[in-house]
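Asker: Next one to model:
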Amino acid sequence: MNSERFVIDTNIFILRVNDRLAELLPRGEIICSVITEIELLSFPALTSAEEILLRSTLARVAVYGIDQDIKEEAIRLRRQSRLKLPDAIIAATALCHQAVLVTNDNELQKVPGLKSQSLAVRQ
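Answerer: Numbering: from 1, shown residues only. Here you go, the predicted structure:
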């Protein structure tokens, strides 16, 4: 059975860094870019408890690195859409892995050819 793949953008992790994140995400294979991992874990105001929770969450998803295909797609996206480099790499990861990008970033949702969806969260 093929399940749909979802690349989770950094802003989704930041939006809701708690145990409810898993229940809010779509059903399917959940992955993220190494860029998301770096952005999350390098946040200067990250507390020890938040870091532990993030590392635990990241350990449960596949974290994809930057291969040649992602690199070339990120270059194309930066030229075409003028995305910031981290956003271009995250979008390229979704495109190269035929995944839906879960993001609340309006600019990423406008990228031609990129399937995306937002995640509305009630506080």
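Asker: in which helix or strand would I find D87?
Answerer: In the assignment (DSSP states H and E), D87 maps to helix 85-96.
Asker: same deal with C32?
Answerer: Assigned by DSSP H and E, C32 belongs to strand 29-33.
Asker: how far is that strand from where the chain is centred?
Answerer: Mean-position distance between strand 29-33 and its chain equals 7 Å (C-alpha atoms, centre = their mean, to the nearest Å).
Asker: who does it touch, helix- and strand-wise?
Answerer: When contacts are defined as 3 or more C-beta pairs under 8 Å, 6 or more residues apart in numbering; DSSP states H and E, strand 29-33 packs onto strand 5-8, strand 62-64, helix 85-96. To be clear about C-beta, it is placed using only N, CA and C from the backbone, and glycine gets the same treatment.
Asker: Need the ones you listed in a markdown table (columns: mean pLDDT and distance to E29).
Answerer: Putting the helices and strands packed on strand 29-33 into a markdown table (pLDDT from 0 to 100; distance: least, C-beta to C-beta, whole Å) gives the following:
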| stretch | mean pLDDT | distance to E29 |
| --- | --- | --- |
| strand 5-8 | 93 | 5 |
| strand 62-64 | 95 | 7 |
| helix 85-96 | 97 | 12 |
